[in-house]
Each structure stands twice: as structure tokens, then as C-alpha cells.
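*Asks:* Need a 3D model of the sequence below.
(one chain, ligands or ions: 1)
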Amino acid sequence: MADFPQLRLRRLRRTEAIRSLVRENHVNVNNLVYPLFIVEGKGIKEEIKSMPDIFRYSLDRLSPEIEEITKLKIPAVLLFGISQKKDETASEAYNPEGVVQQAIRFIKDIASQLIVITDVCLCEYISHGHCGVVDGNRIDNDSTLPLLAKTAVSHTEAGADIVAPSDMMDGRVQAIRQKLDENGFQDTVIMSYSAKYASAFYGPFRDAAESAPHFGDRRSYQMDPPNLREAMLEIEQDIAEGADMVMVKPALAYLDVIRQARNSFNYPLAAYNVSGEYSMVKAAAQKGWLDEKQAVMETMTAIKRAGADIIISYYAKQVARWLRSD
Ligand code: PBG
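*Replies:* Residues are numbered from 1 along each chain as shown. Next up is the predicted model:
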């Protein structure tokens, strides 16, 4: 390698044209997924207090949002349903007339090319807000699995392209793959929230989805934040059980996990830039404390640089707009 003064690394930073010629990582609209919150009822478009510019929609108010997403060429949405009908077995999660099932049909009707991904979890539909069935104070793994599988099948019957289990029960991918196949849905893709950590950054989401647990926390099923090797085991297990894509969540405090996953597995890798990561930047931007566009594009690029293929973000629409105007 040459040495200074022959070597001057600043030469390639002199103009934007040169910088862009040698740029190593790019954010592309084709890899973005936009999350959507759907509520029961009519005439509802309400902003989520802790997530400015993000709304909860009832179906009759959803179509302008879908039009905007398709106009921006965002290829996929990730659906979350919020139901007032909560019970011990989360029956609304797999009700063919449930809020998400209706939303899937509606979206596929008006935008058939838009990829519909659904979050498969019980927490928005279960009385106590945990992601699995409760036995005393324990979240029971094995009795949760058939309910998750039923939910995934009902989403697929409604037209979902990709199901994304986010509950962190052991064996859920296998249970879901098996039930999908039994029902003739061999082509339904499973995007598993494989390495999902018990994170403080989900705070605003639980506001949005009314899914905060009524007792205890999620640490007996979501991962312990200090662990990296264990994340690789989770991913390995999900792939062995039939996951087509894997995910690391959250993104920003876990870029090392994304990098390690990219180095270790040849499967498509998604990163979830979660609600708290959105709200943090949004709040600082609203206060004028940082430049929103620069901060967001820098973090999106960082997620790419770490090795993610797909980025799920509440900033997806804004990023798509910024990419167009550049
Ligand atoms: C449901 C689920 C959560 C998120 C996605 N799916 C919440 C949780 O596990 O508590 C978080 C998404 C976000 O914060 O943006 N289990």
C-alpha cells in the first residue's frame, strides 16, 4: 500500500460526483417495507401520539394511503391489526372476518401488485397482551403454536403473500410451515422475526397497537439484548424450520447482529427499524436538534452497510420521497 504523500484518501472525497462514484452502499426503494396499523370501525385516521406522522386507519380511510405507497413504488406493506375484541385465545387473530383479514382483501383488491406481509402474533388480540397463551404467570410455548399457525393460514387465505411471525415462541416457524403446506399454501413465504430482542425501543408501537402486556414483560420469550451468539442460534433454528427470510429487530442498537447474520447465513435478511428508533429521530428533528433527512438517510445506509437486504421502517415513505428528489 502506498503511503502519504502519494496516498491521499481525501482525493476521492473532493466532489459529490466523485464521492458518489465510489460509494459502497445505497438505499433503494425496492428494499423498503412500510408498516401499517389497521383499526376496527369507520372514519378513523388518528395520529399515534408517540409517533408523529404515523396513523391508525380504519379500512374506509385506507385507500389514499395505499395509493400513496404504490405511487412512491414502495413494494411492500407490513400489516398490524388492532382489535377491541380481546380474549384468552386471541380468537380475532384467526377470525376470517378479523380486521387484518379484511385489510388484506381490501389492499389486494385495490393494489394487487403490492406485497402484503402480515405480522403474525397474538398480542394485539389476547386479553393480557402477551404474545402467547398464558398458564398462570407463564407464557406457554406449545399451546401457542397451533394458534399462530391458524393465524398464518387465515392471513394467507385472505391473500397475504408473506407471513411474519413475531411472537418468539420456539417451533413457530415449523408449526406455521406445516399448517400452510397442509392447506395447500406451499408458496406462502415466511419471514421470521428470528432475532427479536426484548427492547425498550418498542415503546411507541405498544401505544399504537395497544399491545403492552398487562403483567410482567416479554423477557421470558424475546431475546436478552446482550446476546449475539444466541441470535445466530435463533436464526439457524428458524432456517432449519423453514423460514425463507430472517430478521433482526430492532436495527440500530443491533447493527453488529445484522453484520454477523449476514456473514453467517445466505438467506435474505431484514432489519426492523422499530417505533422507538423512528420516534427518537422524529422528536429531535421536530425540536430542530438534527437534520431529519440527513439523520434518517445515514441510519438507513448504516442498516444496509451492516448487511441487511430489506429495511422495515416507519420512515419508508419519506425515504422513498427523498430518494426521488435526489
Ligand atoms: C408484536 C410486535 C411488536 C413489534 C412488532 N410486532 C411489539 C412487541 O413485541 O412488543 C414492535 C414494532 C415496533 O416497535 O415498531 N409482537
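*Asks:* Is the worst-scoring helix or strand of the chain on mean pLDDT positioned near the ligand?
*Replies:* Scoring the helices and strands of the chain by mean pLDDT, DSSP states H and E places helix 203-209 at the bottom, with a mean of 91. Yes - against the ligand, helix 203-209 shows contacts by CB under 6 Å from any ligand atom at Phe205, Arg206. (C-beta placed from N, C-alpha, C; glycine too.)
*Asks:* following that helix, which helix or strand shows up next?
*Replies:* Proceeding N to C from helix 203-209, the next assigned helix or strand is helix 229-241, under DSSP states H and E.
*Asks:* can you list contacts of that following helix?
*Replies:* 170-171, 173-174, 177, 192, 194-195, 223-224, 246, 248, 257, 260-261, 264-265, 267 (CB atoms under 8 Å, 6 or more residues apart in numbering).
*Asks:* got it, and stretch 146-163?
*Replies:* Contacts of stretch 146-163 from elsewhere in the structure, counted by CB under 8 Å, 6+ apart, are 76, 79, 89-90, 93-96, 98, 100-102, 104-105, 108, 115-118, 120-122, 133, 165, 167, 169, 172, 175-176, 178-180, 183, 185, 188-191, 245.
*Asks:* Name only those of these that count as buried.
*Replies:* 76, 79, 89-90, 93-95, 98, 100-102, 104-105, 108, 115-118, 120-122, 133, 165, 167, 169, 172, 175-176, 179-180, 185, 188-191, 245 (16 or more other CB atoms under 10 Å).
*Asks:* Give me every residue in the stretch 1-150 of the chain lying close to the ligand.
*Replies:* When proximity is defined as CB under 6 Å from any ligand atom, the stretch 1-150 of the chain approaches the ligand at Asp119, Cys121, Cys123, Cys131.
*Asks:* So what's the residue count around the closest residue to Ile176 other than its chain neighbours?
*Replies:* In space, Ile176 comes closest to Ala152 once its chain neighbours are excluded; the distance is 4.5 Å by CB to CB, 6 or more residues apart in numbering. Using other CB atoms under 10 Å, Ala152 has 29 other residues around it.
*Asks:* wait, is Ala152 part of a helix?
*Replies:* Yes - counting by DSSP: H, G, I helix; E, B strand; the rest coil, Ala152 is part of a helix.
*Asks:* if we can go back for a sec, ranking the residues of the stretch 1-150 of the chain next to the ligand by neighbours, who comes first?
*Replies:* The most crowded member of these, judged by other CB under 10 Å, is Cys121 (28 neighbours).
*Asks:* contacting residues for the residue of the stretch 101-250 of the chain found nearest the ligand?
*Replies:* Closest residue of the stretch 101-250 of the chain to the ligand, CB to the nearest ligand atom: Phe205 (3.1 Å). The neighbourhood of Phe205, defined by CB under 8 Å, 6+ apart, consists of Ser211, Val274, Ser275, Gly276.
*Asks:* For Gln178, see how far away the last one is.
*Replies:* Counting by CB to CB, to the nearest Å, the separation of Gly276 from Gln178 is 34 Å.
*Asks:* How about the residues of the stretch 201-326 of the chain by the ligand?
*Replies:* Residues of the stretch 201-326 of the chain lying close to the ligand by CB under 6 Å from any ligand atom are Tyr202, Phe205, Arg206, Ser211, Arg218, Val274, Ser275.
*Asks:* at 5 Å what do you get?
*Replies:* The stretch 201-326 of the chain comes close to the ligand at residues Tyr202, Phe205, Val274, Ser275, as judged by CB under 5 Å from any ligand atom.
*Asks:* Could you list the buried residues of the strand or helix carrying Gln260?
*Replies:* Gln260 belongs to helix 255-264 when assigned by DSSP H and E. For helix 255-264, a neighbour-count test (16+ other CB under 10 Å) marks Leu255, Val257, Ile258, Arg259, Gln260, Ala261, Arg262 as buried.
*Asks:* per-residue pLDDT, the closest residue to the last one other than its chain neighbours?
*Replies:* Spelled out, it's Arg262. Computed as CB to CB, 6+ apart, the closest residue to Arg262 that is not its neighbour in sequence is Gly307, at 2.7 Å. Looking at Gly307, its pLDDT stands at 98.
*Asks:* which residues touch Gly307?
*Replies:* Contact analysis of Gly307 by CB under 8 Å, 6+ apart lists Ile258, Arg259, Ala261, Arg262, Asn263, Leu269.
*Asks:* how about the helices in this protein?
*Replies:* Secondary structure of the chain (DSSP state H): helices located at 16-21, 63-71, 99-110, 141-158, 172-182, 203-209, 229-241, 255-264, 275-286, 292-306, 316-325.
*Asks:* now could you export just the CA positions of the fourth one as CSV?
*Replies:* Once side chains and other backbone atoms are set aside, the C-alpha atoms of helix 141-158 remain, and they are given as CSV (Å, rounded to 0.1, in the frame of the first residue of the first chain):
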residue,chain,number,x,y,z
ASN,A,141,-45.0,-22.1,24.3
ASP,A,142,-46.5,-25.3,22.9
SER,A,143,-50.2,-24.4,23.3
THR,A,144,-49.5,-21.1,21.5
LEU,A,145,-48.1,-22.8,18.3
PRO,A,146,-51.4,-24.0,16.8
LEU,A,147,-53.0,-20.6,17.3
LEU,A,148,-50.1,-18.9,15.5
ALA,A,149,-50.3,-21.5,12.7
LYS,A,150,-54.1,-20.9,12.4
THR,A,151,-53.5,-17.2,12.2
ALA,A,152,-50.9,-17.5,9.4
VAL,A,153,-53.3,-19.8,7.4
SER,A,154,-56.1,-17.3,7.8
HIS,A,155,-53.9,-14.4,6.6
THR,A,156,-52.9,-16.5,3.6
GLU,A,157,-56.5,-17.4,2.8
ALA,A,158,-57.2,-13.7,2.8
